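Peer 1: let me see the structure of the following:
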Amino acid sequence: MGHSHSHDHGHSHGHHHHHTNNKKALFISFLFITAFMVIEIIGGIFTNSLALLSDAGHMFSDAFALGLSLFAFKLSEKVANGEKTFGYKRFEILAAFINGISLIAISLYIFWEAYHRFLEPPNVSGTMLWIAVIGFIVNIIVALILMFSGDTEDNLNMRSALLHVLGDLLGSVGAIVAGILILLFDWNIADPIASIIVAILILISGYRVTKDSIHILMEGTPDNLSFEELESRLVQLDGVVGIHDLHAWTITSNFPAFSCHMVVSENTDRDMILKQAAKLLHDEFSIHHSTIQIEGIHANIEKDEDCCN
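Peer 2: Numbering: from 1, shown residues only. A predicted model of the protein is given here:
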């Protein structure tokens, strides 16, 4: 019986580079968001604007989300031990899950507040427009920092933080539109209408990041990998008779993992098969962490029986 465990060190260095950039981007963004959050809360109270206060509430969630994401990156640096054999890398996904749930909760709260303001439209000060414009500029800056300095495409933790900021950016746009309508037409009902539109967009973003994080936490197959294609390509290797007990999952963003049992024919060079399989997984599927167990064809395996039992 053979066993192989493969790690790619070049991948680890690349991951560390992204990791450092992500932390810097999150820290700078956290400072921007927290500073403006205080201004927006004060402005929302003085101008009696739900659009502004809901935007400030989302700013608070942004600060929390960015802080949580930053903490997740710091925690994931802890070395693996006997209790946490993969270290604390999975906490990045847990942080993304918490961020996704908070986005959904915020959108529901905005819906609730907007409902009451539809029943009794408040008098909203036009000053909210200028505060919203400043918020829009701050969110643009933070969004650009995250997109160009961080790995928001492949890292779910970073993507969840960016979605918070983009949701807040939309909140600023909604507050600006509402402010213009109030200034020009004295249409105070524009305030809750803008809030509802923003809440819908935030709800969609929250649902998506929550769904993706749950998929990873449930050890689901990565979206960019095909279970059937993995099995098909490995079976095509010379000497391989069959594949079973195949698993592909994600430890954290950019860290897919793979394991399987590989049945080989007699007189097969098992070391060579293991090297070929690891190279195939690395080159064709970008899997840098694989564990393969080799079994002989004469192992006591029934066709419809899981040999692990």
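
Peer 1: in the protein, where's the longest strand?
Peer 2: Assignment by DSSP state E gives strand 240-252 as the longest strand of the chain.

Peer 1: that one pairs with which strands?
Peer 2: Its sheet considered, strand 240-252 pairs with strand 255-264 (antiparallel) by DSSP bridges.

Peer 1: got the angle for the next helix-or-strand element following the strand it pairs with vs strand 255-264?
Peer 2: Scanning forward in sequence from strand 255-264 by DSSP states H and E, the next helix or strand is helix 270-285. Angle between the axes of helix 270-285 and strand 255-264 is 140 degrees (criterion: axes from the mean of the first three to the mean of the last three CA atoms, to 10 degrees).

Peer 1: and helix 270-285, what does it pack onto?
Peer 2: In terms of contacts (3 or more CB pairs under 8 Å, 6 or more residues apart in numbering; DSSP states H and E), helix 270-285 is packed against strand 2-6, helix 227-235, strand 255-264, strand 289-296. Every residue, glycine included, has its C-beta placed from N, CA and C.

Peer 1: report all helices and strands that the last one contacts.
Peer 2: Using 3+ CB pairs under 8 Å, 6+ apart as the contact definition, the elements that strand 289-296 packs against are strand 2-6, strand 255-264, helix 270-285.

Peer 1: if I take the longest one and strand 289-296, what angle do their directions form?
Peer 2: Using the same axes, to 10 degrees, the interaxial angle of helix 270-285 with respect to strand 289-296 works out to 140 degrees.

Peer 1: now residue 214: closest residue in space, sequence neighbours ignored.
Peer 2: Among residues not flanking residue 214 along the chain, residue 97 sits closest, at 6.7 Å (CB to CB, 6 or more residues apart in numbering).

Peer 1: so that neighbour versus residue 131, what's the distance?
Peer 2: Using CB to CB, to the nearest Å, residue 97 is found at 32 Å from residue 131.

Peer 1: residue 209 now?
Peer 2: 28 Å.

Peer 1: what's the answer for residue 263, then?
Peer 2: 67 Å.

Peer 1: who's more crowded, those two?
Peer 2: Legend: neighbour count by other CB atoms under 10 Å for residue 263 and residue 131, higher for residue 131 (26 against 20).

Peer 1: residues touching that one, list them.
Peer 2: Residue 131 makes contact with 39, 40, 43, 44, 47, 52, 175, according to CB atoms under 8 Å, 6 or more residues apart in numbering.

Peer 1: let me know the pLDDT of the fourth one.
Peer 2: Among the per-residue scores, residue 44 holds a pLDDT of 74.

Peer 1: residues in contact with the residue positioned nearest the centre of the chain?
Peer 2: For the chain, the residue nearest the mean C-alpha position is residue 156 (2.1 Å; CA atoms, centre = their mean). Residues in contact with residue 156 (CB under 8 Å, 6+ apart) are 92, 93, 96, 209, 212, 213, 216, 252, 253.

Peer 1: now the helix or strand hosting the third one: buried residues?
Peer 2: Assignment of secondary structure by DSSP H and E places residue 96 within helix 91-119. When burial is assessed from 16 or more other CB atoms under 10 Å, helix 91-119 yields the following buried residues: 91-100, 102-104, 106-107, 110-111, 113-114, 117.
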